[in-house]
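>>> Dropping a prediction and its sequence here:
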Amino acid sequence: MRISEIAALVGVTPRAVRHYGQLGLLPEPDRLANGYRDYGLRHAVVLARVRRLTELGMGLAEVRDVLADDAGRELAEVLEELDDDLARQEAALAERRARLGELMKQAREGRLPPEGPVSPELAGLLAELGPSDSPTAAKDRAHLALLDGIVNEEQRGRLFAALRPYAEDPDAVQRVRELYARLDDLAGAEADDPRVVPLGDALAASMPGGLLELMGDGAAAQVGGPFGEAFLADFAPAQAAAVRRMLAVLAGRAAGRTNGAAGRAAGRARGAK
């Protein structure tokens with residue numbers, strides 16, 4: 001049989017037959033006088049087996065291992081591994097469908113934020129904060145959506161647990177809106193604008209305690225890496241300067257707590273002697 005004939009017989013493409021041959025999955029066929037490959041029945045048997053195994057989801061490297069093992073032990077092992085892998089895929093698919101169902105529900109109820117799709121935790125938080133015409137607020141929401149997509153589940157839970165009590169306080173929400181308005185006013189200002197330092201101090205004072213704990217003792221280091229610099233570059237110069245001022249104040253506050261705790265520990269140690 002010519003390559004087109006065996007391909008049609010088994011239900012694959014001639015290109016697949018050539019590819020399997022190049023990978024060593026098919027025995028090398030004899031050549032006719034005109035140079036064409038002459039495939040026989042044994043090639044069709046092997047080719048049909050390759051097709052069945054790949055349809056199960058096996059990779060070609062796994063198929064090669066199966067074909068190389070005459071006793072069939074390798075096939076049993078690979079099938080068990082494949083079954084485990086399919087079970088994991090099935091569970092992941094069920095989780096994705098559940099997530100999609102929640103997003104569809106949010107869309108039907110008009111609760112899907114423009115930054116979506118986002119996690120249910122962030123969707124709830126944004127709904128509690130309410131809409132805003134502030135460009136800085138829009139950036140903040142986009143930044144939260146980015147974090148929502150890149151942190152792990154445990155970090156996401158801690159982040160939104162720290163923000164939720166803040167969002168549930170109407171006075172705190174109003175203060176945040178006022179801070180956004182002040183940041184918006186700095187959009188066209190230079191980094192040395194006299195409003196920068198007071199605003200940075202106000203931003204630091206408004207930081208939720210739980211969120212400050214998540215930032216850790218090195219608050220200023222949050223802008224030290226590529227992500228931090230890219231984050232600040234998303235703001236106008238005066239706005240970025242205000243954020244830097246906020247982080248510097250928070251870092252100083254954290255250092256003071258650390259030094260105070262160390263001093264208390266040393267005092268207890270001296271008292272124990």
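Arrived safely.

>>> so where is this protein shaky, pLDDT-wise?
The model of the chain has pLDDT under 70 over residues 69-74, 111-113, 115-116, 209-225, 227, 254-273.

>>> ok, now which residue in it is the farthest from the centroid?
Distance from the C-alpha centroid of the chain peaks at Ala33, with 58.2 Å (C-alpha atoms, centre = their mean).

>>> Check the spacing between that one and Ala241 real quick.
82 Å (C-beta to C-beta, to the nearest Å). Just so you know, the C-beta spots here come from the backbone N, C-alpha and C atoms, and that holds for glycine as well.

>>> who's in contact with Arg51?
Val10, Gly11, Val12 (C-beta atoms under 8 Å, 6 or more residues apart in numbering).

>>> Looking at these, which is nearest Leu122?
Closest to Leu122 out of the contacts of Arg51 is Val12 (46.6 Å), distances taken as C-beta to C-beta.

>>> Skipping adjacent residues, who's closest to that closest one in space?
Nearest residue to Val12 in three dimensions, chain neighbours excluded: Arg51, at 5.6 Å (C-beta to C-beta, 6 or more residues apart in numbering).

>>> next one: Glu102
Closest to Glu102 by C-beta to C-beta, 6+ apart is Pro120, at 5.9 Å.

>>> Please apply the same query to Arg164.
According to C-beta to C-beta, 6+ apart, the nearest residue to Arg164 is Leu125 (6.3 Å).

>>> what residues are up against the one you found?
Leu125 sits next to Leu144, Phe160, Leu163, Arg164, Ala167 when contact means C-beta under 8 Å, 6+ apart.

>>> what's near enough to touch the fourth one?
In this case it means Arg164. Here Arg164 is in contact with Gly124, Leu125, Glu128 (C-beta under 8 Å, 6+ apart).

>>> Give the burial count for Ala248, as a bare number.
Number of residues near Ala248 (other C-beta atoms under 10 Å) recorded here: 16.

>>> quick one: it and Asp171, what's the gap?
Taking C-beta to C-beta, one finds Ala248 at 26 Å from Asp171.

>>> How many neighbouring residues does Arg52 have?
12.

>>> One more: the one 4 residues further on?
Leu56: 13 surrounding residues under other C-beta under 10 Å.

>>> leaving aside the residues next to it on the chain, what's closest to it?
Here the residue nearest Leu56, using C-beta to C-beta, 6+ apart, is Leu82, at 6.1 Å.

>>> that's a strand at that neighbour, yeah?
No - assessed with DSSP: H, G, I helix; E, B strand; the rest coil, Leu82 is helix; it does not lie in a strand.

>>> Would you confirm that it contacts Thr54?
No - in this structure, Leu82 is not within contact of Thr54 by C-beta atoms under 8 Å, at 11.1 Å.

>>> with the contacts of Leu125 in mind, which one is nearest to Glu90?
Relative to Glu90, the closest of the contacts of Leu125 is Phe160; by C-beta to C-beta it sits at 28.9 Å.

>>> And that closest one, how far from Gly124?
Relative to Gly124, Phe160 is positioned 8 Å away (criterion: C-beta to C-beta).

>>> Mutual contacts of the two, please.
Shared contacts of Phe160 and Gly124 (C-beta under 8 Å, 6+ apart): none.

>>> Could you pull up the contacting residues of Glu5?
So Glu5 contacts Tyr39 (C-beta under 8 Å, 6+ apart).

>>> List the buried residues for the strand or helix carrying it?
Element membership for Glu5 (DSSP states H and E) is helix 3-10. Neighbour-count burial for helix 3-10, counted by 16 or more other C-beta atoms under 10 Å, picks out Ile3, Ile6, Ala7, Val10.

>>> quick one, what contacts the closest residue to the third one other than its chain neighbours?
Once flanking residues are discounted, Ala7 sits nearest to Pro14: 4.6 Å by C-beta to C-beta, 6+ apart. With contacts defined as C-beta under 8 Å, 6+ apart, Pro14 is in contact with Ile3, Ser4, Ala7.

>>> so can I have a markdown table of the residues you listed showing distance to Leu199?
Below are the contacts of Pro14 laid out as a markdown table (distance: C-beta to C-beta, whole Å):
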| residue | distance to Leu199 |
| --- | --- |
| Ile3 | 73 |
| Ser4 | 74 |
| Ala7 | 71 |
